[in-house]
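Novice: my questions are about this predicted structure, shown below with the sequence.
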Amino acid sequence: MSLDKSKTHEVVVAVIGNPNVGKSTLFNVLTGEIAHVANWPGVTVARKEGVRDYMGVRIRFVDLPGVYGLSASSLEEVVSREYVVSGEPDLIVVLADSTTPERTLYLPIQLLELTPNVILVFTKVDEMSRLGIHIHFDRLESILGIPVIPTSATQGLGIRDLLNKIVEFAGGRRFRGDAVKLDYSGLEPFIAEVSEILKSSKAVSNYPIRWVAMRLLEGDLRIEELLNSAGESYILREVQRVREAIRRSVGRDPSELFISTRFNYVHSIVREVVVRVERSRGIEASFEKLLQRPITGPLISVLILFTALLAVFSVNTGFPLTTMLSYFGLDELAGFIETYSLNGLLGMMFSLLADLVSENLSSVNPLITSLIADGIVVGVGAVLSFLPLILMMFTFLAVLEDSGIAPRLAISFHNVLSKFGFSGRAIYPLIVSVGCNVPGVLASRTAIEDEERLEVIAATPFIPCQARLVVVMALVTAFFKSPIAQAMAVASIYLVGIAMFLLTGILIRSVAFKKAEPPELILEVPAIHRPNLKVVWWISWDYTKHFLKKAGIIILSLSVIIWLMLNLGPTGFVVDAELSYGGILSRAITPTLTPFDIVGEDAWKVAFALLHGFIAKEAVLESIALLHGGVSVADALQSLGLSTTQAYSLLLFTTLYVPCLATVATIYQEIRNIKVVLAQITYMIVAAYVIALTAYLILKAAGL
Amino acid sequence: MPQPLTSLPKGSKAKIVGIAAGRGLTYRLMQMGLTPGAEVEIVENSSGPLLILVRGVTVALGRGMAGKILAEPT
């Protein structure tokens, strides 16, 4: 890690820490808005980079995934460790949580065993004093021999100190000469023995020898692989012999002894530098207790979710506030709220824009006008109309996360969800999906095991989102007369959606992965505190930006492709949708509607609307209205001549088959396997068809 | 006598003796501070996941896993 001349003005700093340590918050403060997000090569673990110019030095920060250790037992740990030893970072900034030093100092110790070029940063010092914790940072600095910097990202404390230290390092200052050497007492002779053997190895020469020796004794698949592929498997045989010798003489697995020794070392440091005083935390502590109790916990959890969702719903579409108002005879107010809900406003804006384009460009070329007005504007509209919703759902999620309520929700729902092959963590994607499936799919990242992650991705799109609620409301109000029947129809759609979410989970787990046991729950439960608005904004805006960039491009291009399908036919550009490739395709799939008794001249229009709904669910309504020459949606629906039973089964199908392009795009982004994505689309269409048909046949037989 | 964490009552304290789980899971738990010798306090133990306090951090553990952690009451 020497500094050559070309590097004197640029220093690469890796930032590493436990999950929940406050890493993304600090990263945000350090780098501002200029973060660059990509994936680590070959894996879907996100790699974030940001640059900061400070006192003539260009500091390039690289955010490593949240890990507990460097053992290479998970993808994140492999990625982090490989990067640390790659020689690319000049300096490592390792984070410890000042509210939980006993646990979070473990990672810094592990890092110091690997490299001396480390700065230790304590996060959340503002919370520390509130919890009655005092840390002697100076004392710790002299024990470890590296800079120790207390920070609070939300209050901007310590940031300058950190940057100054980095600049000092870039200027050639070294904090300590070599890596930390812990005394593993009984294991030392064995470490020495393996180190001796390793001297002949070439495969692992860029790692410190003592460190490799310890890793091999602990058992490290990645390093074993390195030795094997370099034809040095004789070393592994020797190591195996030494491991056996340890088990015989100490009676324990070496990895247990290594971890215990490190924690004991942490413990001895903490005893010297940390003082805890009991401090009453008042209302927050009482709330925390209530949330943890067996009965009040789940009850309060449900209540929090319900209220929050109701608020988001009302802002977005007006529902269910509008339904309640109409029920009390306040139709005018209800109409007003609906018009000025986010959905209403955005809809108005984009139809105005589309009209404007058609009016001003109509003289130019009908093809280009239509492409811009019906293809691009509609596509951009689709992206943007999701934006407020996604931002709202992420804000909601960020509040739950930052306040410490989120893990408690997971605990409350664990028992129920584990019956369906999920862990309690699956509650986040489930809730978020009620707002929008896109962040729901992204929330699958909270799963610990890959199997559960795929279960969540497969199950999430069944949850009716806000866009589908718009379609549901339109159809339900057009076909059901009494408010009670309307409410029941809406509720049943949600119940079917949630049931499909749960069934998909258990189906994939037991059939595709052949696992009988539900995923385990291991979850850190931080203290409850008032969410910090800045942090909430950072988290939610970060996710939203990510969505805009990634999914936006895909949605836009797919919108254009779909426009082409609907406006191009064998005769070239067509105005009449019936003559387009899309129209022809609709006619081809119309026979699938025959079991629903949807036959005759208008049947293809239903197929056309469903095909259109693939972009976004609102498009189902738009295209029905469009085919009827711009009359109101309600009139257009009526003119299709569907029975209530047909309308209801159609509604079921619409809600369950593939949510929208945005979700499909996001699923692809997450799993990066086109075959799996196609399988999922097929599964959703088949499931939706079977359920809708079953419902239709039952209702028909019941004479409804 | 060492007992699984699930059989310890709420409010009791114990010292971890060993973890009888697969290698990966054991490693994960140990890295979170649940090493042999670590002191734990049972914060909540009813029908749902177990809540324990270990090394200053509250951790929730599914009952299946908590049953694989053996501890000596202190």
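Specialist: Right, received. Where do you want to start?
Novice: you'd agree A:V167 is up against A:D53?
Specialist: No: if you go by Cβ atoms under 8 Å, A:V167 and A:D53 don't touch, sitting 10.7 Å apart. Backbone N, C-alpha and C define where each C-beta goes, glycine included.
Novice: compare neighbour counts for the two and give me the winner.
Specialist: A:V167 (16 against 10; other Cβ atoms under 10 Å in any protein chain shown).
Novice: contacting residues around the more buried one?
Specialist: A:54-55, A:57, A:59 (Cβ atoms under 8 Å, 6 or more residues apart in numbering or on different chains).
Novice: between those residues, which is closest to chain B?
Specialist: The nearest member of those to chain B, counting by Cβ to the nearest Cβ, is A:I59 at 29.5 Å.
Novice: now do the SS call for that closest one.
Specialist: strand (DSSP: H, G, I helix; E, B strand; the rest coil).
Novice: correct me, but it touches A:V13?
Specialist: Yes: using Cβ under 8 Å, A:I59 makes contact with A:V13 at a distance of 5.8 Å.
Novice: distance of the residue nearest to A:P518 when sequence neighbours are not counted relative to A:V525?
Specialist: Spatial nearest neighbour of A:P518, excluding adjacent residues (Cβ to Cβ, 6 or more residues apart in numbering or on different chains): A:S418 at 3.8 Å. For A:S418, the distance to A:V525 (Cβ to Cβ, to the nearest Å) stands at 18 Å.
Novice: just checking, A:P518 touches A:G424?
Specialist: No: A:P518 is beyond contact range of A:G424, at 9.8 Å (criterion: Cβ under 8 Å).
Novice: now check the longest helix along chain B, is it near chain A?
Specialist: If you go by DSSP state H, chain B has its longest helix at helix B:23-31. Yes: residues of helix B:23-31 contacting chain A under Cβ under 8 Å from any Cβ of the partner chain: B:23-25, B:27-31.
Novice: about what we covered before: for the contacts of A:V167, give me a markdown table that also has neighbour count and distance to chain B.
Specialist: Conversion of the contacts of A:V167 to a markdown table gives the following (neighbours: other Cβ atoms under 10 Å in any protein chain shown; distance: Cβ to the nearest Cβ, whole Å):
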| residue | neighbour count | distance to chain B |
| --- | --- | --- |
| A:Y54 | 16 | 34 |
| A:M55 | 12 | 37 |
| A:V57 | 18 | 34 |
| A:I59 | 24 | 29 |
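Novice: pull out the buried residues from the worst-scoring helix or strand of chain B on mean pLDDT.
Specialist: Ranked by mean pLDDT, DSSP states H and E, the weakest helix or strand in chain B is helix B:23-31, scoring a mean of 85. The neighbour-count check on helix B:23-31 (16 or more other Cβ atoms under 10 Å in any protein chain shown) flags B:26-31 as buried.
Novice: report all helices and strands that it contacts.
Specialist: On a contact count with 3 or more Cβ pairs under 8 Å, 6 or more residues apart in numbering or on different chains; DSSP states H and E, helix B:23-31 meets helix A:254-273, strand B:13-19.
Novice: coming back round to it: overlap in contacts of A:P518 and A:G424?
Specialist: A:417-418.
Novice: between those two, who's got more neighbours?
Specialist: Shown here are A:P518 and A:G424; by other Cβ under 10 Å, A:G424 has more neighbours (26 against 22).
Novice: can you count the residues close to the closest residue to the more buried one other than its chain neighbours?
Specialist: What sits nearest to A:G424 in space, not counting adjacent residues and going by Cβ to Cβ, 6+ apart, is A:H414, at 3.0 Å. Neighbour count of A:H414, defined by other Cβ under 10 Å: 26.
Novice: could you look up the SS state of A:R279?
Specialist: Assigned with three-state DSSP, A:R279 falls in the coil class.
Novice: ok, it - contacts?
Specialist: A:130-132.
Novice: sorry, back to before: now distance to A:Q110 too, for the residues of helix B:23-31 next to chain A, in a markdown table please.
Specialist: Listed next are those as a markdown table, based on distance: Cβ to Cβ, whole Å:
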| residue | distance to A:Q110 |
| --- | --- |
| B:R23 | 18 |
| B:G24 | 18 |
| B:L25 | 19 |
| B:Y27 | 13 |
| B:R28 | 15 |
| B:L29 | 16 |
| B:M30 | 12 |
| B:Q31 | 9 |
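Novice: biggest separation within those, which pair?
Specialist: B:R23 and B:Q31 (12.5 Å; Cβ to Cβ).
Novice: is any residue of the helix or strand harbouring A:A285 near chain B?
Specialist: Assigned by DSSP states H and E, A:A285 belongs to helix A:283-292. Yes: counting by Cβ under 8 Å from any Cβ, chain B is contacted by helix A:283-292 at A:Q292.
Novice: and the angle for whichever helix or strand comes after that helix with helix A:283-292?
Specialist: Downstream of helix A:283-292, the next assigned helix or strand under DSSP H and E is helix A:296-316. Calculated by axes from the mean of the first three to the mean of the last three Cα atoms, to 10 degrees, helix A:296-316 forms an angle of 100 degrees with helix A:283-292.
Novice: need the contact partners of the following helix or strand past helix A:296-316.
Specialist: Where DSSP H and E defines the elements, the next helix or strand beyond helix A:296-316 is helix A:321-327. With contact meaning Cβ under 8 Å, 6+ apart, helix A:321-327 is reached by A:313-314, A:331, A:333-335, A:337-338, A:483, A:486-487.
Novice: chain B contacts on chain A?
Specialist: Chain A has residues A:68-69, A:71, A:73-74, A:100-103, A:106, A:219, A:255-256, A:259-260, A:263-264, A:292-294, A:297, A:407, A:410-412, A:414-415, A:418, A:423-424, A:517-518, A:520-527 near chain B, with proximity defined as Cβ under 8 Å from any Cβ.
Novice: let's see it at 7 Å
Specialist: By Cβ under 7 Å from any Cβ of the partner chain, the residues of chain A that approach chain B are A:68-69, A:71, A:73, A:100, A:102-103, A:255-256, A:259-260, A:263, A:292, A:294, A:407, A:411, A:414-415, A:517, A:520-525.
Novice: narrow those residues to those in helices?
Specialist: Per DSSP H, the residues of chain A next to chain B map to helices at A:102-103, A:255-256, A:259-260, A:263, A:292, A:407, A:411, A:414-415.
Novice: top of those residues by neighbour count?
Specialist: A:I411 (28 neighbours).
Novice: is chain A contacted by the helix or strand harbouring B:I42?
Specialist: Using DSSP H and E, B:I42 sits within strand B:39-44. Yes: for strand B:39-44, a contact with chain A is found by Cβ under 7 Å from any Cβ, at B:43-44.
Novice: that strand pairs with which strands, parallel or anti?
Specialist: strand B:13-19 (antiparallel), strand B:50-54 (antiparallel) (DSSP bridges).
Novice: nearest to A:M348 among those would be which one?
Specialist: Across the strands paired with strand B:39-44, closest to A:M348 is strand B:50-54 (Cβ to Cβ), at 49.7 Å.
Novice: quick one: distance of that closest one to the chain centre.
Specialist: 7 Å (Cα atoms, centre = their mean, to the nearest Å).
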